[in-house]
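*Asks:* structure for this input, please:
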Amino acid sequence: MSAVLGINAVFHDPAAALVVDGRIVAAAEEERFSRRKHGKAPVPFSTWELPEQAIAWCLRHGGLKPSDLDAIAYSYDPALAPAPDDITADEWEGLRTLYVERAPRFLATLGLDPGAVRFVAHHVAHAASAHLCAPAPSSAVLVVDGRGERASHLAGHARADGSLEVLAAQRLPQSLGLLYEELTEHLGFRRSSDEYKVMAMASYGTPRHLDAFRDLVRTTGDGGFTVAPVDWTAFASRASGDWEDAHADLACSVQRRLEEVLLDLARWLHAQTGERTLTMAGGVALNCVANSRLWREGPFDAVWVQPASGDSGTALGAALRIACDLGDTIAPMGGADLGRAWEDDALEAWLRTARIAYERPGDIADAVAETLAADGVVAWFQGASEYGPRALGRRSLLADPRHAANLERLNDVKGREQFRPVAPMVLEQRAAEIFDGPLPSPYMLFTHQVRPAWRQRIPAVVHVDGTARIQTISPTRDPLVARVLAAFERRTGVPVVVNTSLNTAGRPMVDDPRDALECFGSAPVDALAIGPFLVRRPAVHPGLAPAARDAA
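*Replies:* Okay, the predicted model is just below:
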């Protein structure tokens, strides 16, 4: 037996993963334990911070002690990074490399063997999280993100034996990910965090600056690209929360150019490998609009994207890379539900401790479908939590897609911008009649065109451009969620339900029962389905005085 613990701690989204005999046993992000969005700030002096709680949980869940580990895979190789320059009050990038070099000593404080640490190149870890998890035995591999040790991109050919041939790697400072991060910051959002908001905003604009960005961002014909410095204020003023058409047009222009460049990179990679499948990871691979264009216009028959494509996924990729190198046969990823779960008795104990009224209906799926059909919003807490940024039917807010007002309602519940869309989940066998795009789509990593006949039937989940970022539900893989959808369809004739993440703005997705109860207590949702139990919010007349409401 071999056991490998993977760790990401370098830039942001610290995480841990455990792989035993080539099988993924556990994977979790530190933010789900610490309740600090993205785990830590993406700055050099935070590199020493380890995903301590995620590491402890992975080992506990796997029934292992630190001494049982054959290797500890760390998803950054300091030997590949530039040598640290003088570290001053103004220049501290070199701290990152120094802290990574000392990572074995930091890990020793957790009882882990510093001699077991194996450094894995950042983009190799990203690549492994894609090609070793995908169902295809061999593939072309494309990794695009902000930065690694010296590069911002990797193009490679993954073989059936698990090996990876690197065909191209774009050196820094050229970076598509950093370009998008700069745009994110210029538009008034948090970089390395809110890039998905820019993608949503882009749908409201026109690409009137596309020619300018075709000059600024170019492919080089050898699998790489160049990115010239951008004077963002020449296109739109720096935003501070009041967005204008100029900001949406800038977002749209950069988004379109990103898509074009990725298509060029994919065509070059296909010509080099001849593979039918493209596998992807890296933060840019979470851009579902670009992924969909790659699927529609690119040369590959299939595109598979790691659901934890951001830096958290490098913990898993590093562990898989080392496990493969140790001789293990790697099993494809069966799903993203790799985090914490609770037995029914433990959930009921939480409800009793909270002294909250609850019931145990004969069929929780049917009870939830009834609430949804009556236009109730349901907090849904079931099974093992998701690894990665998408709510995939484990920690979700569910609602009726037939009412357009539910988009604004859910954005109000979550406290987020009104231009943000919400996503639909749909029964896998019904998806093709409603949505046009790659199917199945279990991880919400592509946008699909909503077929015209359905746009008025499910308006809450149709984005301004007529698309939806869908999740298909398999009755075999997700029987409970499938039963909710089937029961909702029996009542409404619609096999689609709104699915957005169970959290409020600026907070990580709910992970444990305490998080679920706190979120339910503070957000205006109608019911909480937690395991087989249903908690209903008492009806309170809106005209009651505060004291009367408290009494009620």
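*Asks:* give me the residue at the spatial middle of this protein.
*Replies:* Pro389 (2.7 Å; Cα atoms, centre = their mean).
*Asks:* next up, the contacts around that residue.
*Replies:* Tyr196, Leu286, Ala308, Gly310, Met509 (Cβ atoms under 8 Å, 6 or more residues apart in numbering). To be clear about C-beta, it is placed using only N, CA and C from the backbone, and glycine gets the same treatment.
*Asks:* mind putting these into CSV with neighbour count, distance to Val494 and pLDDT?
*Replies:* Listed next are those as CSV, based on neighbours: other Cβ atoms under 10 Å; distance: Cβ to Cβ, whole Å; pLDDT from 0 to 100:
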residue, neighbour count, distance to Val494, pLDDT
Tyr196, 16, 26, 92
Leu286, 26, 28, 98
Ala308, 30, 30, 98
Gly310, 27, 32, 97
Met509, 23, 26, 96
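*Asks:* of these, which belong to helices?
*Replies:* If you go by DSSP state H, those have Tyr196 in helices.
*Asks:* which one among the contacts of Pro389 gets closest to Gly224?
*Replies:* Lowest distance from Gly224 to the contacts of Pro389 (Cβ to Cβ) belongs to Leu286, with 21.5 Å.
*Asks:* how about that closest one, nearest residue that isn't a chain neighbour?
*Replies:* Ser309 (5.0 Å; Cβ to Cβ, 6 or more residues apart in numbering).
*Asks:* pretty sure the one you found sits against Ala285.
*Replies:* Yes: the pair Ser309 / Ala285 is scored as a contact, 4.0 Å apart, by Cβ atoms under 8 Å.
*Asks:* re earlier: tell me how many other residues crowd the residue nearest to Leu286.
*Replies:* When neighbours are counted by other Cβ atoms under 10 Å, Ser309 registers 29.
*Asks:* per-residue pLDDT of it, please?
*Replies:* pLDDT, Ser309: 98.
*Asks:* same question for Gly94.
*Replies:* Reported pLDDT for Gly94: 87.
*Asks:* measure the nearest residue to it once chain neighbours are set aside to Trp92 for me?
*Replies:* Computed as Cβ to Cβ, 6+ apart, the closest residue to Gly94 that is not its neighbour in sequence is Pro84, at 3.0 Å. Counting by Cβ to Cβ, to the nearest Å, the separation of Pro84 from Trp92 is 10 Å.
*Asks:* over to Gly466?
*Replies:* 46 Å.
*Asks:* one more: Ala83?
*Replies:* In terms of Cβ to Cβ, Ala83 sits 15 Å off from Trp92.
*Asks:* okay, these two: which has more neighbours?
*Replies:* Comparing Ala83 with Trp92 by other Cβ under 10 Å, the one with more neighbours is Trp92, at 15 against 7.
*Asks:* any idea of the pLDDT on the residue nearest to the centre of the chain?
*Replies:* Pro389 carries a pLDDT score of 95 in this model.
*Asks:* how about it, secondary structure?
*Replies:* At Pro389, secondary structure determined by DSSP: H, G, I helix; E, B strand; the rest coil is coil.
*Asks:* rewinding a little: residue contacts, the residue nearest to Leu286?
*Replies:* His126, Ser129, Ala130, Met280, Ala281, Gly282, Gly283, Ala285, Leu286, Gly388, Leu445.
*Asks:* quick check: closest non-adjacent residue to Glu165.
*Replies:* That would be His157: by Cβ to Cβ, 6+ apart, it lies 4.6 Å from Glu165.
*Asks:* meant to ask about Ser193, not that
*Replies:* Closest to Ser193 by Cβ to Cβ, 6+ apart is His38, at 5.8 Å.
*Asks:* phi first, then psi, for the one you found.
*Replies:* Dihedral angles of His38 (phi, psi; degrees, to the nearest 10) stand at phi 70, psi 10.
*Asks:* phi, psi for the residue nearest to the centre of the chain please.
*Replies:* According to degrees, to the nearest 10, Pro389 has phi -90, psi -10.
*Asks:* measure it to Pro229 for me?
*Replies:* Pro389 is 29 Å from Pro229, where distance means Cβ to Cβ.
*Asks:* ok, Ser522 next?
*Replies:* Counting by Cβ to Cβ, the gap from Ser522 to Pro229 is 44 Å.
*Asks:* one more: Ser441?
*Replies:* 37 Å.
*Asks:* same question, Ala365
*Replies:* Distance from Ala365 to Pro229, by Cβ to Cβ: 54 Å.
*Asks:* which one's more surrounded, those two?
*Replies:* Ala365 (21 against 8).
*Asks:* residue contacts, that one?
*Replies:* Leu480, Val481, Arg483, Val484, Ala487.
*Asks:* mind listing residues that contact the strand or helix carrying the second one?
*Replies:* Under the criterion DSSP states H and E, the helix or strand holding Val481 is helix 479-492. Contact partners of helix 479-492, identified using Cβ under 8 Å, 6+ apart, comprise 363-366, 368-370, 372-373, 382-383, 393, 398, 400, 402, 425-427, 430, 473-475, 494-497.
*Asks:* try 6 Å
*Replies:* Ala365, Asp366, Val368, Ala369, Leu372, Ala373, Gly393, Leu427, Ile473, Pro475, Pro495, Val497 (Cβ atoms under 6 Å, 6 or more residues apart in numbering).
*Asks:* repeat that for stretch 14-24.
*Replies:* 1, 3-8, 25-27, 29-30, 39, 51, 54-55, 58, 62, 312, 315-316, 319-320, 323, 328-331.
*Asks:* counting only strands, which of those make the cut?
*Replies:* Ala3, Val4, Leu5, Gly6, Ile7, Asn8, Val25, Ala26, Ala27, Glu29 (DSSP state E).
*Asks:* residues in contact with the last one?
*Replies:* Okay, so that is Glu29. Ala15, Ser312.
*Asks:* and the gap between it and Ala168?
*Replies:* Taking Cβ to Cβ, one finds Glu29 at 30 Å from Ala168.
*Asks:* what of the fourth one?
*Replies:* According to Cβ to Cβ, Gly6 stands 25 Å off from Ala168.
*Asks:* which of the two has more neighbours?
*Replies:* Gly6 (34 against 19).
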